[in-house]
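J.: Have a look; sequence and predicted model below, questions after that.
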Amino acid sequence: MNISKIAIFLALGLLGTQAFAEESQAKTPAIKAPVETYSYGTKLDIKKVITVTDIPNVCGPVPAQMTYEDSNGQRHVLQYQVMGTGCSNG
């Protein structure tokens, strides 16, 4: 009976360790990706968008960033300019 309890404890411990290792690896590439600046005509290879920053409520151009994955699975961070959401249309 004690052996089965120990075996269950070890199995659950190994599952938790594996889940933690997979999670830490998933976060690592996003941190190491250098920020690239977009300019008109830049060729982009975007397969999956991971995150996009919120646009501030100001009237004028503001910087924004998008983290994405290319067709090779590499993560990139792209910085670009967008118009703020604080301008009125009237």
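T.: Looks like it arrived, so ask away.

J.: CA atoms for contacts and neighbours, from now on please.
T.: Will do.

J.: Let me see the domain layout of this protein.
T.: Listed domain ranges for the chain are 1-32, 33-90 (source: automatic domain parsing).

J.: lowest-confidence stretch among those domains?
T.: Mean pLDDT is lowest for domain 1-32 out of the domains of the chain, coming in at a mean of 58.

J.: Run a quick neighbour tally on residue 52.
T.: Residues within reach of residue 52, counting by other Cα atoms under 10 Å, total 14.

J.: Identify the residues contacting it.
T.: 64, 65, 66, 67 (Cα atoms under 8 Å, 6 or more residues apart in numbering).

J.: which SSE is the first one in?
T.: With elements delineated by DSSP states H and E, residue 64 resides in strand 61-69, which encompasses its position.

J.: Does anything pack onto that strand? Which helices or strands?
T.: Counting contacts by 3 or more Cα pairs under 8 Å, 6 or more residues apart in numbering; DSSP states H and E, strand 61-69 is packed against strand 48-52, strand 75-83.
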